[in-house]
Every structure is written in structure tokens, then in C-alpha cells.
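A.B. asks: structure, please.
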Amino acid sequence: MIGAVQATPKKYDIVIVGGGMVGSAVACALALSHHIESNNTLRIALIEGHKPPAQWPDNSFDLRVSAISPASQAFFKTLGVWNAMHEMRVTAYTDMHVWDAGGNGSIHFDSAEIGEANLGHIIENRIINKALIEQVHIFDNIDIYCPNTPVSLQLDNDSTKLQLDNGTLLQAELLVGADGGQSWVRQQADISVTVSDYQQTAVVASITTEHAHQHTAWQRFLPSGPLAFLPVSENNISSIVWSTCAEEAERLCELDETAFKQELEVAFEKKLGKVLHAGPRACFPIKGQHAKNYVKSHLALVGDAAHTIHPLAGQGVNLGFADAQCLADTVLTAYAAHKPIGSFKTLRSFERTRRGDNLLMLEAMGVFKNLFSNDMPGLCKLRNIGLDISDRATPIKHFFMAKALGQ
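C.D. replies: A predicted model of the protein is given here:
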């Protein structure tokens, strides 16, 4: 039941809808306005509909994990949250092995080849979110509305007004939509999306294998979609992301543990020996989508609200954090110059900076999915040759690794 609407709105500089990983990162980055003008910080409101888990058993693992690039890690350090994540649990991966089920083609990436300590870190989403939310609470210029959801949005010439489900009315110069792939903000702003239906569903679970993961991200391309093993602890525990058709994903989720382990061993060619344990499984539909616009006057979209991509390269959340950093930099630069932070001119600069990179990654993932998720004999032969050539061609490998690192 919606409460009584306030007669006078609570005024903020920025209201962020969505307190997930990207939304919380935006809030933290914008709260750093106190570094610009110590006596004039931005006033920020963060809206989130669900309270995130604050604690969990030490021996449990989140079903959703992210491959965090060094660029995102550097962003976390700037926000002051990296140490908190590291104290909970992060797992570096130094290598990546990719091979094709339709032939002998393979490619191996090694961080030592480019003089880096690692290629990135695998971190459970709940750990990322917890560290960011705890940091949000430290800033006295951020008000958190949780659990609350928006019910109406009004975009005016000079501001935006947002009504919450408890009747609270908020007014701000800038509204940020960080509320996921089904973004309410995007829909209310009447911003359309281009959808790429990959016709795949991801099966996720935590897996214990006979042999250690060797701090390596493993990925095998099957005709139905890629199967990835991502290291999530210091020993032999990995998180799998198995992309396949919806019917097959549902079947895999319904198998008993013994049958699922057997099918997983076959699909993965026992690269890490026997699968000793498989935790709870869940399915998530995979779709690529790209918003026609990231911004309007007094409104900006970031993360999944603006774009989603296939998880086969693990770059989706890194694009979101790059959005968060870019938007914060754009807004803080305008703020320091005493320019309107919600003007279309200001926000258009953010869109121009981010849209090209995001579109390139979105299209590249679509090409990779179509190239590898089929068993056409001619194409199968070509892609295996391509993998082998890329593995031997140092400049090509270094290019791909640089992209993965966020460079």
C-alpha cells in the first residue's frame, strides 16, 4: 500500500535507483566529492528494494560470481573497498585455457607473458556488494532508502522527482538508473533497447574437483554454448557457468547431484579430474541488450540498465564499473567547475565516452557466441585453426589480454 505523498520533496543533488554492485559503486564514487570541495559535498540518495545479505556461512559460496579486471580492481581501491573484499574472499587467476569441443584448437593466456601478476580476480557478487554497501554507510552525504522501490517518476526541465512506495517524494538534479536489465527507470523514461536473444540459459553452481584449479579460468566451447570453470577459493573449488539452451539448462538443474556430476565431467573432459561435489544449481536466461540512449536531461543509465552482454568473456560487470567511474568523473568535473551536473550537455559527454566501448564488446560477444556455439563442420575447422593461430601469434594474444585487463 502506497503511503501518503509528502507535500514537500526531500531535495538531493543525485538520486540513484538500484543499490546493487554498480549502483553502490556510483554512490561511493560520487560521495568522493568532498575531495573536491570540502565544505560543499554532493547530497546523494540511494534507493534499493531488497536488503542484501550481511553474513553467510564461511563454507558457502554465492551462485553468482564476477571476473573482476585489474581496471575494476583499481577502481575499487580508489573507492576504498578493495581491502574489505580481499579480507572476505577473492581469488586471483593467472591463466586462462580455452579450447573447442569440435576439434583440437586451443589458446592459453598467461599473465606472466605480459608482465602482470594476474589476469584478474574471481569474486562472489555478494562480497562485492557487501563491501560497497558498507562503504556507502560510511559517507554522511549519502542517505539510503532500503527496502524501498520507486512508484512514479517525473522529469522536469530543471530537475527530476521520484516518489517511493512509502510515499516519500525525492527531488534531484540528476537521477541515475542502476536498476538492472529490466530497469524501471529506463522504462519510465521511455528509452528503448535493442535486444540480442542468444537463445541460451546459464546454469551456475559451485563445484569441488579432484584436482586444484591452478588459479586458472577454464572454458570449453561446446556446440550448445560455453562451459566455464572459474576459481573461487585457494584450493579446488570453482564456480561454473554452463551456457546452453533453455530446455537443456532446466534438465541439468533438475538432475540429482550424481547424474549432474557425471554429465559435467563428460562436458569438461575431466580437465580437473573427477567432480567430487556439486552445490545447489540455478538457471539465468542470457540476453544481450543495449539502450538506444544512455542519457536524457537529468537522467543517466549505467550498468545492466544500459547494456547486458553474454557472460562468456566475463566482461559485463566490468563494463558496468567503467560506466560508474566515467559517470562519476563526468559529474564531479562539472560540479567542480560549477556547471549543471544534470544537463544534457554534461551527461552526453558520459554517453559518448562509454557507448562505443560497450557496443564493441556487445557485438564481439555476439560474434563469439555465433562462431563457437554451433557444430557446422566448415566453421568448426576454421575456428579451430583460428584458435591455434591466435595461440602462436603473440601480438594477438597480448591484444586480447589487454582487453581483459581493462586496458
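A.B. asks: pull stretch 332-352 out as CSV, backbone CA atoms only.
C.D. replies: Provided in CSV are the C-alpha atoms of stretch 332-352 (Å, rounded to 0.1, in the frame of the first residue of the first chain):
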residue,chain,number,x,y,z
LEU,A,332,32.4,15.6,-10.4
THR,A,333,34.3,17.5,-13.1
ALA,A,334,31.1,19.5,-13.9
TYR,A,335,30.5,20.0,-10.2
ALA,A,336,34.0,21.3,-9.6
ALA,A,337,33.6,23.8,-12.5
HIS,A,338,30.2,24.9,-11.1
LYS,A,339,28.4,23.6,-14.2
PRO,A,340,24.9,21.9,-14.1
ILE,A,341,25.5,18.2,-13.3
GLY,A,342,22.2,17.1,-14.7
SER,A,343,22.3,19.0,-18.0
PHE,A,344,22.1,17.0,-21.2
LYS,A,345,25.4,18.5,-22.4
THR,A,346,27.2,17.3,-19.3
LEU,A,347,25.6,13.8,-19.4
ARG,A,348,26.1,13.5,-23.2
SER,A,349,29.9,13.5,-22.6
PHE,A,350,29.5,10.4,-20.4
GLU,A,351,27.4,8.7,-23.1
ARG,A,352,29.9,9.4,-25.9
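A.B. asks: identify the residues contacting it?
C.D. replies: By C-beta atoms under 8 Å, 6 or more residues apart in numbering, the list of residues contacting stretch 332-352 from outside reads 13-14, 29-30, 32-33, 36-37, 42, 159-160, 172-174, 293-300, 326-327, 330-331. For the C-beta atoms, the positions are set from N, CA and C on the backbone; glycine is no exception.
A.B. asks: contacting residues for the nearest residue in space to Gly177 that is not next to it in sequence?
C.D. replies: Nearest residue to Gly177, sequence neighbours excluded (C-beta to C-beta, 6 or more residues apart in numbering): Val185, at 3.0 Å. Residues near Val185 by C-beta under 8 Å, 6+ apart: 17-18, 150, 153, 175-177, 179, 299, 301, 305.
A.B. asks: redo these as CSV? Include pLDDT and distance to Glu269.
C.D. replies: CSV is the format used below for the contacts of Val185 (pLDDT from 0 to 100; distance: C-beta to C-beta, whole Å):
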residue, pLDDT, distance to Glu269
Val17, 98, 44
Gly18, 98, 40
Pro150, 97, 48
Leu153, 96, 51
Leu175, 98, 49
Val176, 98, 45
Gly177, 98, 43
Asp179, 98, 40
Leu299, 98, 48
Leu301, 98, 41
Ala305, 98, 38
